[in-house]
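[1] I need the structure of the sequence given here:
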Amino acid sequence: MRVSIYRGARPAAKTLGRLLAIAALVAVSGPAVGSETLETVRERGLLKCGVTASGDGLSHIDAEGRRTGFFPEMCRALAAAIFADADAVTFVETDFVTRFDALADDAFDVLMSTTTWTSGRDAGLGLAFTHTLIYDEQGFLAHRSLGATQLDELGPTTVCVHENTTTIDNLRDLVDRRFPDFTVLPFRSPEMGYEAFFARECDVLTQDRLALMAQRLVWADDPEDYVLFPDVIAREPLGPVVRQGDPGWFDLVQWAMFALIVAEAHGIDSTNVDAALTTTHPEVARLLGVEGSVGAELGVAPDWAYQAIRQVGSYGEVFDRTLGRAIGIDRGLNDLWTRGGLLYAPPFR
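    So this is what the prediction gives:
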């Protein structure tokens, strides 16, 4: 066995090494950092954003035919960061069966949906999760007429659930461990599951708790006829997914989302971001492109974050507009870390 020991380079070689390192740094700084996906998006003139029909507040098509909800708004923020135009995005609807294959096959540039970050998906599918945008948990919604307020009070029970999700896997694990009298009733799409549950074809519906709260308000004639159990059986971190192998694109998607969180942390939103351009706060100046080179390092214009905030809003604005004021869902875990939530972003510097 041969063992190599580094003893230092000769002066000439060391100088050449420094020059090569500088040249490499120059080659990868600014827009030339290079992202094949970003170049494709620019040439196309549109961001292609993969979304699922996750329901009101999260992702759906409204009466005017416009894609609305928390995740579509995040797509618009990314489009604004790239093009200074939040409408420079086209939505490609996928489902829980095809979403990962569609992303791998370049059907869209980023998957922005209620997709749970797991080790198997992150490491085993050639995909990369950039950052958690919604911290959720898997819970249960039941017909109040059952007379139960938690899982342990149920007898033989039929549970509606969506196929091809971590949700059904978690439910089956629970049935195997604790509730052998539960019958799993799977459905291909969320809408089919909602329809079956609210038509009383099953006793209980399991899904992410935010979605359950939203669907109770949307589908029920009287939301009080249904009870959200306190039982939580899984963590459900939801966020953007991109293909592996394009670190420049990964960084841009990730930092575009961080920008909205940092904006809220500094009290900046779409209504006051113009005034914030005169700030003396160093991080805000870097965030908005007044100082520093964050935009160049990500391959976008200096005002990339300013455009996203001005046209779409801070994280808090988006949440309130789509899930909070609109649906009545509290921030909870999805509040800033300074207010007891889990939202936290690295510094802009």
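
[2] tell me the phi and psi of residue 160?
    phi -80, psi 140 (degrees, to the nearest 10).

[3] quick one: secondary structure of residue 251?
    Three-state call for residue 251 (DSSP: H, G, I helix; E, B strand; the rest coil): helix.

[4] okay, now it: neighbour count?
    17 (other CB atoms under 10 Å). Where C-beta positions appear, they are placed from N, C-alpha and C, glycine not excepted.

[5] distance-wise, check it relative to residue 214.
    According to CB to CB, to the nearest Å, residue 251 stands 31 Å off from residue 214.

[6] break this protein into its domains for me.
    The chain breaks down by automatic domain parsing into domains covering 33-133+239-330, 138-233.

[7] and the shortest one, average pLDDT?
    pLDDT averaged over domain 138-233 equals 94, rounded to a whole number.

[8] find me the pLDDT at residue 115, would you?
    91.

[9] might one say that it is in contact with residue 99?
    Yes. Under the criterion of CB atoms under 8 Å, residue 115 makes contact with residue 99 at 6.7 Å.

[10] tell me which residue is most central in this protein.
    residue 239 (2.2 Å; CA atoms, centre = their mean).

[11] surely residue 237 is in a helix?
    No. Residue state for residue 237 (three-state DSSP) corresponds to strand; a helix is not indicated.

[12] one step back: right, so the domains of the chain: which one is the most enclosed?
    domain 33-133+239-330 (a mean of 20; mean count of other CB atoms under 10 Å).

[13] now do the shared contacts for residue 115 and residue 99.
    Jointly contacting residue 115 and residue 99 under the rule CB atoms under 8 Å, 6 or more residues apart in numbering are residue 52.

[14] can you give me the strands for the stretch 201-349 of the chain?
    Along the stretch 201-349 of the chain, counting by DSSP state E, counting those that start in this stretch, strands occupy 204-208, 226-228, 234-238, 241-243.

[15] next one: the third one to chain centre, how far?
    For strand 234-238, the gap between its own C-alpha mean and the chain's C-alpha mean amounts to 11 Å (CA atoms, centre = their mean, to the nearest Å).

[16] buried ones in that strand?
    By neighbour count with 16 or more other CB atoms under 10 Å, strand 234-238 contains the buried residues 234-238.

[17] by contact count, what packs against it?
    Here strand 234-238 touches strand 134-143, helix 166-177, going by 3 or more CB pairs under 8 Å, 6 or more residues apart in numbering; DSSP states H and E.

[18] the inter-axis angle of that strand versus strand 204-208?
    50 degrees (axes from the mean of the first three to the mean of the last three CA atoms, to 10 degrees).

[19] which outside residues touch strand 234-238?
    By CB under 8 Å, 6+ apart, strand 234-238 touches 113-117, 132-138, 166-167, 170, 208.

[20] and those, which is closest to residue 92?
    residue 113 (10.8 Å; CB to CB).

[21] quick one: residues contacting the residue lying closest to that closest one once chain neighbours are set aside.
    Nearest residue to residue 113, sequence neighbours excluded (CB to CB, 6 or more residues apart in numbering): residue 52, at 4.2 Å. Shown in contact with residue 52 (CB under 8 Å, 6+ apart): 59, 93-96, 99, 113-115, 190.

[22] ditto for residue 245
    Contacts of residue 245 (CB under 8 Å, 6+ apart): residue 126.

[23] ramachandran angles for it?
    phi 100, psi 0.

[24] likewise residue 290?
    Residue torsions, per degrees, to the nearest 10, at residue 290 are phi -70, psi -30.

[25] that one against residue 280, yeah?
    No. Using CB under 8 Å, residue 290 makes no contact with residue 280, being 10.0 Å away.
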